[in-house]
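> got a predicted structure plus its sequence, pasted below:
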Number of protein chains: 2
Amino acid sequence: MNIIDSSNLREKMEDSFKQSTKGCIIRPSVAVIKIGDNDKVNEDIKLKEEACNKVGIYFRIYEFDDSVSELTIINKIKELNNDDYVNGIMLELPISEKYNSRKIINTIQNSKDVDGMTDINVGRFISGRKTIIPCISLAISTLLKENNIDIEGKHVVIIGRGKMAGRPIINTMINENVTMTICNSSTKRLKNYTEAADVLISATGIKDLVTPDMIKSDAVVINVGYQIENDKIIDDIDPSSISKKASVIITAEELIKMRVTMFLKNTLLCYNNKK
Amino acid sequence: MNIIDSSNLREKMEDSFKQSTKGCIIRPSVAVIKIGDNDKVNEDIKLKEEACNKVGIYFRIYEFDDSVSELTIINKIKELNNDDYVNGIMLELPISEKYNSRKIINTIQNSKDVDGMTDINVGRFISGRKTIIPCISLAISTLLKENNIDIEGKHVVIIGRGKMAGRPIINTMINENVTMTICNSSTKRLKNYTEAADVLISATGIKDLVTPDMIKSDAVVINVGYQIENDKIIDDIDPSSISKKASVIITAEELIKMRVTMFLKNTLLCYNNKK
């Protein structure tokens, strides 16, 4: 089977997190901010809450509807920054474009920025300095490493450069010894690039933009982008259609779950850095 | 002639800088820190000093030999941070590997970081926020724009991802509507990538790594990397050898000069932001 299943690995990691929170006099705690309503965000939050409960991290959720002012959000973040019982803070994305998401994110104290999204944490990450690494980046690195998928010297093609997923992945790959091509909506003859990819990462959220004929034989295919249709996760690149062609497939669902595990990991990192 | 000559453009920009410093009651001032001895750095500093004198920016140089302690440098930067008469600070790179250059650079106050190199300025730049943009990035953008070279939708191939040049250029291109491939020393079959490049940027400092047969007809070739041999600048890709094949060539010398002009521009930006 070439579709990665990391349930055992996640189970093992979460067990170790549980052991470490057991020894805590004050429980680690993380605060998630949700603005508006979005299927993907709702699903993400549900998974995070369940995972936090499982390992003994106190999960707080602050929900606002789309009518909330930017100032209210910013003041809430400042309050959480000053709250010694809160170790990590995360703004769930996407949010309505009427908000300045970068301004909101940059209000988060760097040491509590559990998804590594503030300007200074991004800058540190790119410079190769010690910092909080985005959960999506950690999720991909962990899945590759734990499944012995060696990308050294390979040609990695990334489609999409969105702030939520594409960028953090690009920032990860730039420090790896790989040749990297970044495609986006302005790319002409996309197939020329996809069929040259040893590792193909799709982070567009556009279904079937890449079809089986566009993939190199034995490629590693990583689905970061997805849609939700009738409560089901639909990958950017349909895994069943490429299972005979790709050597390894990481599905969006697998990544979503590993990203949640990395969210736990980063929360504990923030907690331990504080001590 | 397809080899870009921007002397008129630089002259015009420097004239306008001169006009603006004439109106200043307190003269804009920039401090450059040099550690050790290096031909490229010496040449760069000479050009910066001349240009500053020409436009009325007070140029201060702090020279240390390779035996200086990191702490001495850091304390000097802190002193310059606190000096209201210093508007911009720049550490000349490269420096000996025994120093932690990232730590030294991050001591520079963000608002005086005239080459846009601190973690927070890099993070802001990547996030598309207002910040001080590295001189090399500004130099390339300016040369492309002022010579009406449209890269929209093009395939840009960058060889090299060093912190001094490759990275800032990658960070510029990531926000442009281009498909970008980043090659480095781990890239196999480099020719496959270079011959597919509409715009080829070499930032390796390795002479003749790219030979004329590796270039696409009518490509735009940008030489960022170079060596100094017998006081002469030797481009990564020999311009004379590709003058019949490339549609446009930007030489390393041209870039060095435009980078100095951008150094003046950023110094005035720091000065004006302070007011």
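Yes, it's here.

> show me where pLDDT drops low in the stretch 1-150 of chain A?
Low-confidence regions of the stretch 1-150 of chain A, defined by pLDDT under 70, span residues A:1.

> helices of that one, start to end?
Secondary structure of the stretch 1-150 of chain A by DSSP state H, counting those that start in this stretch: the helices cover A:7-22, A:39-55, A:70-82, A:101-105, A:119-126, A:135-146.

> between those, which gets nearest to chain B?
The minimum distance between chain B and the helices of the stretch 1-150 of chain A falls on helix A:119-126, with 3.2 Å, by C-beta to the nearest C-beta. Just so you know, the C-beta spots here come from the backbone N, C-alpha and C atoms, and that holds for glycine as well.

> just to revisit the earlier point, winner for burial among the helices of the stretch 1-150 of chain A?
helix A:119-126 (a mean of 24; mean count of other C-beta atoms under 10 Å in any protein chain shown).

> show me what whatever helix or strand A:Ile182 lives in is packed against.
Assigned by DSSP states H and E, A:Ile182 belongs to strand A:179-183. Under the contact criterion of 3 or more C-beta pairs under 8 Å, 6 or more residues apart in numbering or on different chains; DSSP states H and E, the helices and strands touching strand A:179-183 comprise strand A:155-159, helix A:166-173, helix A:190-194, strand B:179-183.

> check contacts around the nearest residue to A:Ala196 once chain neighbours are set aside.
Take A:Ala196 and drop its neighbours on the chain: the residue closest to it by C-beta to C-beta, 6 or more residues apart in numbering or on different chains is A:His155, 6.1 Å away. By C-beta atoms under 8 Å, 6 or more residues apart in numbering or on different chains, the contact set of A:His155 is A:178-181, A:196-199.

> which one of the helices and strands packed on strand A:179-183 lies nearest to A:Asp66?
Distances from A:Asp66 to each of those were compared using C-beta to C-beta; the shortest belongs to helix A:166-173, at 24.5 Å.

> partners of the residue nearest to A:Ala196 in the sheet?
Listed beta-bridge partners, A:His155: A:Thr179 (assigned using DSSP bridges).

> hmm, A:Pro28 and A:Tyr58 touching each other?
Yes. Checked against C-beta atoms under 8 Å, the pair A:Tyr58 and A:Pro28 is within contact range at 6.9 Å.

> looking at these two, which is more packed in?
Between A:Tyr58 and A:Pro28, counted using other C-beta atoms under 10 Å in any protein chain shown, the more crowded position is A:Pro28 (25 against 17).

> the more buried one is in contact with A:Lys112, isn't it?
No. The pair A:Pro28 and A:Lys112 does not pass the contact test of C-beta under 8 Å, sitting 11.6 Å apart.

> and the lengthiest helix in chain A, what's its mean pLDDT?
Counting by DSSP state H, the longest helix found in chain A is helix A:252-274. Per-residue pLDDT over helix A:252-274 has a mean of 96.

> the residue nearest to A:Val221 when sequence neighbours are not counted: neighbour count?
What sits nearest to A:Val221 in space, not counting adjacent residues and going by C-beta to C-beta, 6+ apart, is A:Ala246, at 4.5 Å. For A:Ala246, the tally of surrounding residues (other C-beta under 10 Å) stands at 23.

> surely A:Ala246 touches A:Ile215?
Yes. At 6.3 Å, A:Ala246 counts as touching A:Ile215 under the criterion of C-beta under 8 Å.

> between those two, what contacts are shared?
Shared contacts of A:Ala246 and A:Ile215, counting by C-beta under 8 Å, 6+ apart, come down to A:Val221.

> report all helices and strands that the longest helix of chain A contacts.
Applying 3+ C-beta pairs under 8 Å, 6+ apart, one finds that helix A:252-274 makes contact with helix A:7-22, strand A:29-35, helix A:39-55, strand A:88-91, helix A:135-146, strand A:220-223, strand A:226-229, strand A:232-235.

> so what does the last one touch, helix or strand wise?
If I follow you right, that is strand A:232-235. Using 3+ C-beta pairs under 8 Å, 6+ apart as the contact test, the elements touching strand A:232-235 are strand A:226-229, helix A:252-274.

> how about whatever helix or strand comes next after it: buried residues?
Scanning forward in sequence from strand A:232-235 by DSSP H and E, the next helix or strand is helix A:239-242. For helix A:239-242, the buried set under the neighbour-count rule, 16 or more other C-beta atoms under 10 Å in any protein chain shown, comprises A:239, A:242.

> CA atoms of stretch A:186-206 as PDB?
Taking only C-alpha atoms (Å, rounded to 0.1, in the frame of the first residue of the first chain), the coordinates of stretch A:186-206 have been written out as PDB:
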ATOM      1  CA  SER A 186       0.100  32.300 -13.400                       C
ATOM      2  CA  THR A 187       2.000  29.200 -14.500                       C
ATOM      3  CA  LYS A 188       1.600  28.300 -18.100                       C
ATOM      4  CA  ARG A 189       1.800  24.600 -19.200                       C
ATOM      5  CA  LEU A 190       1.600  23.300 -15.700                       C
ATOM      6  CA  LYS A 191       2.100  19.800 -16.900                       C
ATOM      7  CA  ASN A 192       5.700  20.600 -18.000                       C
ATOM      8  CA  TYR A 193       6.500  21.100 -14.300                       C
ATOM      9  CA  THR A 194       4.300  18.400 -12.600                       C
ATOM     10  CA  GLU A 195       5.700  15.700 -14.900                       C
ATOM     11  CA  ALA A 196       9.200  16.600 -13.900                       C
ATOM     12  CA  ALA A 197       8.500  16.400 -10.200                       C
ATOM     13  CA  ASP A 198      10.100  13.700  -8.100                       C
ATOM     14  CA  VAL A 199       8.000  15.100  -5.200                       C
ATOM     15  CA  LEU A 200       4.800  16.900  -6.100                       C
ATOM     16  CA  ILE A 201       3.000  19.000  -3.500                       C
ATOM     17  CA  SER A 202      -0.400  20.400  -4.300                       C
ATOM     18  CA  ALA A 203      -1.600  23.200  -2.100                       C
ATOM     19  CA  THR A 204      -4.300  24.800  -4.200                       C
ATOM     20  CA  GLY A 205      -7.600  23.500  -3.000                       C
ATOM     21  CA  ILE A 206      -8.600  23.100  -6.700                       C
END
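
> now that stretch: average pLDDT?
For stretch A:186-206, the mean confidence score works out to 96.

> please list the residues of the stretch 101-250 of chain A that sit near chain B.
A:102, A:118-124, A:126-129, A:152-153, A:161, A:163, A:167, A:170-171, A:174, A:177-184, A:186-188, A:192-193, A:196 (C-beta under 8 Å from any C-beta of the partner chain).

> look up how far A:Gly225 lies from the residue nearest to A:Ala196.
When C-beta to C-beta, to the nearest Å is the yardstick, A:His155 and A:Gly225 sit 20 Å from each other.
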